[in-house]
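Visitor: Here is a sequence together with a model predicted from it:
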Amino acid sequence: ETGVTQTPRHLVMGMTNKKSLKCEQHLGHNAMYWYKQSAKKPLELMFVYNFKEQTENNSVPSRFSPECPNSSHLFLHLHTLQPEDSALYLCASSQMQADHYYEQYFGPGTRLTVT
Amino acid sequence: KQEVTQIPAALSVPEGENLVLNCSFTDSAIYNLQWFRQDPGKGLTSLLLIQSSQREQTSGRLNASLDKSSGRSTLYIAASQPGDSATYLCALKGSRTSGSRLTFGEGTQLTVNP
C-alpha cells in the first residue's frame, strides 16, 4: 500500500470498551499526527510525534492514549470514551527536518461512534 | 490567536461554472497556507500550498491566491465538474518554528450539479 493508511475505517464502541486505532505511513516520513474532526468544527490537532517522541499534546483528555513504536506506525488507544468523542479521527504524516515540518499527508480516517 | 474563517459554508453551482472559495485569517504573520479537499467520510487531499513569499499557485483548473496584508486567500476553480463536489478546507502554518501546528478553517461544502 502507499500513502497513509488507517484501520479500522469505522468503529462503534460502548463507553466502557477499550479499543485502538492504527495508522501506518509508507512515505518514509518521520513525523506523525492525530487529528479529531467533529461535525461543524475545524480539525483539531491532538498529538504530534517526531522520531517516535511526542512533541505536542493539545490538552487531550487522558482517555486518549497515543503510542508511536516507530516512525511508520501510530496508534491511538481509547478507553472509557464519552458520546461527545464520536468523530472522524485522522492520521497524518510529514517529513521533519531541522525543526521544520513539511507538507502533511492525511489518511482516510476512522469514523468513531461512541454509544 | 489565529482564527481562520471560510465563507460560504456551503455552495451549490451548475456544472461548467467558474467559482471562488474564500478563506480569511486574522494574523497575517503566516508561514504558508494550504488548500485541502475532503470527500465525505474521507481524509484530506492536499491541493495547493502557497508559501508566504508567493502570491499564487496553480494546478490544472485550480488557482489559489494569497494576500497576507488583507488576510485573505481565494481558491478559484475553473469550469467546475460534478467530481469537484467535496468540502474544501484552508489551513495556515503560523511560522517556520511553530512546529507542526496547522490552523484549519471549518471548510466550504461545494456541490456541482450536472
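Guide: Received the coordinates, thanks.
Visitor: what pLDDT does residue 86 get?
Guide: Assuming you mean chain A. On pLDDT, A:S86 comes in at 96.
Visitor: wrong chain, I was asking about chain B
Guide: 97.
Visitor: After the worst-scoring helix or strand of chain A on mean pLDDT, which helix or strand is next?
Guide: Least confident helix or strand of chain A, by mean pLDDT, DSSP states H and E, is strand A:100-101 with a mean of 71. Downstream of strand A:100-101, the first helix or strand assigned by DSSP states H and E is strand A:105-106.
Visitor: Quick check: residues of chain B near chain A?
Guide: B:4, B:34, B:36, B:41-46, B:49, B:89, B:91, B:93, B:96-97, B:99-107 (Cβ under 8 Å from any Cβ of the partner chain). All C-beta spots, glycine's among them, are computed from the backbone N, C-alpha and C.
Visitor: Strands - which of those land there?
Guide: Those of those mapping onto strands are B:4, B:34, B:36, B:44-46, B:49, B:89, B:91, B:93, B:102-104, per DSSP state E.
Visitor: in chain A, what spans have low per-residue confidence?
Guide: A:1-2, A:99 (pLDDT under 70).
Visitor: near chain B, which residues of it?
Guide: A:4, A:6, A:31, A:33, A:40-43, A:45, A:48, A:50, A:55-56, A:88, A:90, A:92, A:94, A:96, A:99-101, A:103-109, A:111.
Visitor: and the gap between the residue lying farthest from the centre of chain A and A:N50?
Guide: Residue farthest from the centre of chain A, counting by Cα atoms, centre = their mean, is A:A98 at 23.3 Å. A:A98 is 12 Å from A:N50, where distance means Cβ to Cβ, to the nearest Å.
Visitor: Now the buried members of the residues of chain B next to chain A.
Guide: B:4, B:34, B:36, B:42-44, B:49, B:89, B:91, B:93, B:99-107 (16 or more other Cβ atoms under 10 Å in any protein chain shown).
Visitor: Distance check, A:S38 against chain B.
Guide: 11 Å (Cβ to the nearest Cβ, to the nearest Å).
Visitor: Compute the number of surrounding residues for that residue.
Guide: Residues near A:S38, counting by other Cβ atoms under 10 Å in any protein chain shown, number 13.
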